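J.: Fold the following for me, if possible:
(chains A and B)
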Number of protein chains: 2
Amino acid sequence: MIGFLRRWLAPALLALLTACASEPPAPTPQSQLPSWKAGPSREAIIAFVQAVTQPGPDYVPPAERIAVFDNDGTLWSEQPVYFQLQFALDQVRAQAPSHPEWKQQMPYKAVLQGDSAALKQLDERGLLQIVAATHTGISTEEFTARAKRWVASARHPRTQRAYTSMTFAPMRELLDYLRAQDFKTYIVSGGETDFMRAWAEEAYGIPPEQVIGSTFVLNYEMRDGKPVLMRQPKLEFNDDGPGKPVSIHRYIGRRPILAFGNSDGDLEMLQWTAAGKGRRFAGLVHHTDAAREWAYDRQSSIGKLDRALDQARAQGWTVVDMKTEWRRIYPFEQP
Amino acid sequence: MIGFLRRWLAPALLALLTACASEPPAPTPQSQLPSWKAGPSREAIIAFVQAVTQPGPDYVPPAERIAVFDNDGTLWSEQPVYFQLQFALDQVRAQAPSHPEWKQQMPYKAVLQGDSAALKQLDERGLLQIVAATHTGISTEEFTARAKRWVASARHPRTQRAYTSMTFAPMRELLDYLRAQDFKTYIVSGGETDFMRAWAEEAYGIPPEQVIGSTFVLNYEMRDGKPVLMRQPKLEFNDDGPGKPVSIHRYIGRRPILAFGNSDGDLEMLQWTAAGKGRRFAGLVHHTDAAREWAYDRQSSIGKLDRALDQARAQGWTVVDMKTEWRRIYPFEQP
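T.: Reported below is the predicted structural model:
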């Protein structure tokens, strides 16, 4: 009997004790956000997450922990031009051989000649023309394949790195931290939905069904006996400004409890989130770091942050000063 | 030492053994689908689910196990009129006191007088007029509150039961069975999205963000300093026929591996699902039971099943004969 106990039970007990003892110490919120310096933004985030996830008056059940993030300028950089516009410009160049008429035709001519003065003067209609010409007239599958190829090969003019490596390390940590607390994280962006879906899961861990953006009209057609969804050169929905709370309701059907943006185009999303019952978090990434990223706000043509900054200050929303509060900007920097 | 072992370790070992022994036997797929009789449909469902969830050539990772279901006629009944139309008619009556002009105005006059002959002759425009008048001009929150109140109190003319008790027991079991195998279940229906969201989670376990339907235009407005989403009397998207694969791509961004419908309005959704790479399941609920539910197909003005039935037979899709294959129709019947 003793032999049996010693041989079988004692090791079992030891294994049990070892299993308990070798568990690593529970991670602290601070250790889950290593790229954030101690500061008001990190403290506000942690205080909010603890309040809504721990028993108490602000507790929110997991199913209602909806967090929405703008993409351009909030999760990755957006300078010197929106990365999706860079994709469109590159596509014009790639498709030029099958469009000889573009050599004489604005706005394509300006793209092909690298005429940056003319490009800077393009109005919204000209830009939309370039985006439509490069984003439509093809099936959803073909478009996704093109976007994936571009993301895999294109390099940013300043860093010479892949665009997806210019996502913000602190925000990626924040997404992980929220998901570890049973938040469901969504992108709600002016960018085109399928363009973002082509790389968002790998870059942010956000699956296709949680990517909400602007859309072109789709047509269901049969081609060679197989159904395809053809992308039409007609904007269906502009997911910007007041369009953001609309698309949030459309796709999610619940009001978020946390929203993060960086520009006036995010103002209505932040208002809509903050106006819900119970405790809410509204945050802005403020681009203040000309050395490591870019510094711009009220006067910028891209990612203009003016009215939303005033409202954030008036309402006590969190404004992240990336220069002083982020230990690093991009994942490729030393932590 | 022996005393210690006997006192502490032996009970611990016993508890461990008991814990293992008292685990109930693993449920079989058949036991998870008790309202389905043994038959070709149940066998086809189980064979498909086992093929895509167990190791083998047809295996599909959990994230890609997307299952889409039409609602009217597929998850609940749709006779003698679509339940949502019944809601609209009841709303006309409820709101009539504040619309005295309706007494003289078609189509409201026909509703208020209970003129079923005139109601039957309403064309799509007349129906849409009734739906728009009762579904729009209010905020999303007010509409949801009205839909919830109606669902809680309204009774079906034939069964005198709540409409949500006229969901199909076999389909509710199928939803549970699929979710237990890590499928993500969606509604993709011609019904209006917010109407379905008001009760779909309780009835089917399907959360708001997995309910896709037809939509009215929404406007973001400030009322008394608070943001609201106002429902506009303009149809934004008709989620029927070719609209279904479009909305599936729009909202989910992945092609389903399983789709279930019951009418020609589901044909394109079934085609789109079936045309994907790898093993797929396309199913139709065939209303064949005039005694327990209703019997209708090719000639019906509601839930017409004609072209889709031909295609299902030609393609070898599953056609559920509810009369012979369902042990019970509704949850309130004896199992």
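J.: only C-alpha atoms for contact and neighbour calcs from this point on.
T.: Fine.
J.: Would you mind naming what in the stretch 51-200 of chain A lies close to chain B?
T.: A:194, A:197 (CA under 8 Å from any CA of the partner chain).
J.: Could you pull out the strands in the stretch 201-335 of chain A for me?
T.: Assigned by DSSP state E, counting those that start in this stretch, the stretch 201-335 of chain A shows strands spanning A:211-223, A:226-237, A:258-261, A:281-286, A:318-321.
J.: Save the ones you listed as a markdown table, and put in distance to chain B and mean pLDDT too.
T.: A markdown table is the format used below for those (distance: least, CA to the nearest CA, whole Å; pLDDT from 0 to 100):
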| stretch | distance to chain B | mean pLDDT |
| --- | --- | --- |
| strand A:211-223 | 6 | 97 |
| strand A:226-237 | 6 | 96 |
| strand A:258-261 | 15 | 98 |
| strand A:281-286 | 15 | 98 |
| strand A:318-321 | 20 | 98 |
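J.: List of residues touching stretch A:191-210?
T.: For stretch A:191-210, the surrounding residues in contact (CA atoms under 8 Å, 6 or more residues apart in numbering or on different chains) are A:71-72, A:84, A:140, A:143-145, A:147-148, A:151, A:164, A:167, A:172, A:175, A:185-187, A:211-215, A:239, B:251-254.
J.: Which ones among those residues map onto helices?
T.: A:84, A:140, A:143, A:144, A:145, A:147, A:148, A:151, A:172, A:175, B:251 (DSSP state H).
J.: and the closest residue to the fourth one other than its chain neighbours, what helix or strand is that in?
T.: Think residue A:144. Spatial nearest neighbour of residue A:144, chain neighbours left out: residue A:198 (5.9 Å); criterion: CA to CA, 6 or more residues apart in numbering or on different chains. Take DSSP states H and E as the rule and residue A:198 turns out to sit in helix A:193-204.
J.: and the angle for that helix with strand A:211-223?
T.: Helix A:193-204 runs at 130 degrees relative to strand A:211-223, counting by axes from the mean of the first three to the mean of the last three CA atoms, to 10 degrees.
J.: pLDDT on helix A:193-204, on average?
T.: Averaged over helix A:193-204, pLDDT sits at 98.
J.: Check which residues of that helix are buried.
T.: Neighbour-count burial for helix A:193-204 flags A:193, A:194, A:195, A:196, A:197, A:198, A:199, A:200, A:203, A:204 (criterion: 16 or more other CA atoms under 10 Å in any protein chain shown).
J.: tell me how far it is from the chain's mean position?
T.: Here helix A:193-204 is found 9 Å from its chain centre; the criterion is CA atoms, centre = their mean, to the nearest Å.
J.: Repeat that for stretch A:165-181.
T.: 10 Å.
J.: How about residues contacting it?
T.: Outside stretch A:165-181, the residues that touch it by CA under 8 Å, 6+ apart are A:29, A:32-36, A:49, A:53, A:74-77, A:184-185, A:203-204, A:326, A:328-332.
J.: can you list the weak-confidence ranges in the stretch 1-150 of chain A?
T.: Applying pLDDT under 70 to the stretch 1-150 of chain A picks out residues A:1-23.
J.: how about the strands in it?
T.: A:66-69.
J.: State the distance from the residue nearest to residue A:144 to residue A:140.
T.: As for residue A:198, its distance to residue A:140 is 11 Å (criterion: CA to CA, to the nearest Å).
J.: Which residues are in contact with residue A:244?
T.: Counting by CA under 8 Å, 6+ apart, residue A:244 has contacts A:188, A:189, A:266, A:268, A:269.
J.: ok, 10 Å please
T.: Applying CA atoms under 10 Å, 6 or more residues apart in numbering or on different chains to residue A:244 gives the contacts A:68, A:70, A:188-190, A:212-214, A:238, A:250, A:265-270, A:272, B:220.
J.: tell me the contacts of the most centrally placed residue in chain A?
T.: Residue closest to the average C-alpha location in chain A (CA atoms, centre = their mean): residue A:71, at 3.2 Å. Counting by CA under 10 Å, 6+ apart, residue A:71 makes contact with A:77-78, A:167, A:186-191, A:196, A:200, A:211, A:213, A:260-262.
J.: Noted, bye for now.
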